[in-house]
Structures are given as structure tokens and as C-alpha cells.
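Novice: Attaching a predicted model along with its sequence, questions to come.
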Amino acid sequence: MNKCYFLLTEAPIITEPPENQIIALSDSDSNQSVTFHCETRGKPLPEIVWLHDTNTRRIELENNEKYSIRTQTHRTGSGDYFVGSWLTIQTVNAFDSGAIVCRIMADDDDLPTDLQTVESTAELAVIGTYKYTCQNGEHIYS
């Protein structure tokens, strides 16, 4: 008996966007971290990429000592994929302020190009008193 299969694609959508966060720092509390969460659905499996967008540049974030990215995938009986991703920024400082972008990408030639990528943005505001150490060892407060 022959079986027929329909390969249906579904453009990725963000089902749970990241939320704005405010971090208040003090000189005695310099090891704070902050976590953003983003969730998507699509078919085929969408990929989540995190970006940091400041006034001067946009960079793709990768797992390292500063950024921890964790992703979890779930497939439903209908073949839809749900992907959740968590971005944790360690030792938050003023330079981390700016837009945190959750970019969802689906690599599918059956989807129009403009539907293959969607983004959602959350703002990270870091406020308070913090200390920078310059190259000459001098402390600057702001």
C-alpha cells in the first residue's frame, strides 16, 4: 500500500517574545545576571539567534563566559516544532544596555524570503552606580 505525505511548511512565528528588563547595579553588587526568554513555532524547525543591538553596532551573541544560551525543542504530533531559548547575560554592566533581539530563522525554500526571518526586541536598561577600571588602573565612577 502506498502512502502519501504532504510536506506543509509554516512560517516561523514568535509565540513568546522576550520582555524588557531593568537591572539596578551598585558598587557592592557587581555579579548580577539577567535572563531573556523567547519562544517560537514553525515547520520546519526554526532556529533562534540572539543579538545585542547598541547605538553603534549589532552583534550576534554566542555561548561564552559572558553569554549563556540554552535552547529546548519540542515537536507536536502534528509535526509543528516549538523552540524555546534562554539568553543569560553574566556580570551585567552598563555596556550591556541596549536592545536584545530574538531572531527566528527558518531555512525553507518553500517559504517566501520575507517570511523566513522574524525578530522581536526587548530593551535592557542597566542603571545605578558602577565602576570601570581603565587600562592604567584608575577607577572611573558613573
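Specialist: Done, it's in. Just so you know, these numbers come straight off a predicted model, no measurement behind them. Residues are numbered from 1 along each chain as shown.

Novice: Any idea what residue 21 is bridged to?
Specialist: Here residue 21 sits in beta bridges with residue 124, as judged by DSSP bridges.

Novice: From residue 94, how far off is the residue nearest to the spatial centre of the chain?
Specialist: For the chain, the residue nearest the mean C-alpha position is residue 50 (3.3 Å; CA atoms, centre = their mean). Residue 50 is 19 Å from residue 94, where distance means CB to CB, to the nearest Å. In short, each C-beta sits where N, CA and C put it, glycine included.

Novice: now residue 32
Specialist: Relative to residue 94, and taking CB to CB, residue 32 is found at 12 Å.

Novice: what sits in contact with each of these two?
Specialist: residue 25 (CB atoms under 8 Å, 6 or more residues apart in numbering).

Novice: ok, how many other residues are close to residue 105?
Specialist: Residues lying near residue 105 (other CB atoms under 10 Å) number 16.

Novice: mind checking pLDDT for it?
Specialist: As predicted, residue 105 sits at a pLDDT of 85.

Novice: do residue 67 as well
Specialist: So, for residue 67, pLDDT stands at 97.

Novice: swap in residue 139?
Specialist: Predicted confidence (pLDDT) for residue 139: 51.

Novice: With residue 5 instead?
Specialist: 46.
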